[in-house]
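1. Everything below, folded, please.
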Amino acid sequence: MKNLLIIILFTVLLGGCTVNFGKTKPEPEKKPEVTQKHKPWPQEGKEYWYARYFFTMAMNPQVQLRITPKSVFAIVKCTMDKYEEDHSWEWFEENLAETLIIKPEISQYVYNVTKVCAETQRAADEAEALKKKMSLPIKPEDSV
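-> Numbering: from 1, shown residues only. You can find the predicted model right below:
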């Protein structure tokens, strides 16, 4: 009697764990988020402004003292890409492209975007310099 009760108990427990309660509903497919609210900028226009913005920054003596040309171009590319992500080509032409007097709020936006890109590039430059330094062979007299 005792053995029969144990067998029934294990059968119920094992049977309860293996019973299929039906098919689970498939998870709905996640659609990729669309971050761009406007059409892409014309490639020629972007390239022209990359070159023009790079020239403007590279000709600045203060920039020449602090940043390499390769890093300046990376900052320019990052900045222009952020402009494209945030605004349409028409907005860029109206507010930045050939505008002689930039509105204060637009000027602040340009400053903030450029600052973030410059800080990102500086961090990348520092990481690259550290990586180069770490890959150099250690001289025996420099070791501890």
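2. Low-confidence regions, this protein specifically.
-> Counting by pLDDT under 70, the chain shows low-confidence ranges at 2, 4-5, 9-36, 143-144.
3. distance of residue 74 from residue 38?
-> 24 Å (Cβ to Cβ, to the nearest Å). C-beta coordinates here come from the backbone N, C-alpha and C atoms, glycine included.
4. Same question for residue 8.
-> Residue 8 is 69 Å from residue 38, where distance means Cβ to Cβ.
5. between these two, which one's more packed in?
-> The neighbour count for residue 8 versus residue 38, taken as other Cβ atoms under 10 Å, is higher for residue 38 (13 against 10).
6. what's the closest non-adjacent residue to the more buried one?
-> Closest residue to residue 38 apart from its sequence neighbours, by Cβ to Cβ, 6 or more residues apart in numbering: residue 88 at 4.0 Å.
7. wait, doesn't the one you found sit right on residue 39?
-> Yes: assessed by Cβ atoms under 8 Å, residue 88 is found in contact with residue 39 at 7.4 Å.
8. Which parts of the protein are helices?
-> 2-18, 43-58, 61-66, 69-86, 89-92, 104-135 (DSSP state H).
9. hmm, back to that, burial check on the residue nearest to residue 38, number of neighbours?
-> For residue 88, the neighbour count with other Cβ under 10 Å is 16.
10. try the one 10 residues further on
-> Other residues within reach of residue 98 by the criterion other Cβ under 10 Å amount to 6.
11. Please report phi then psi for it.
-> Main-chain torsions, residue 98, degrees, to the nearest 10: phi -110, psi 20.
12. quick one: it and residue 67, what's the gap?
-> Applying Cβ to Cβ, the value for residue 98 to residue 67 is 26 Å.
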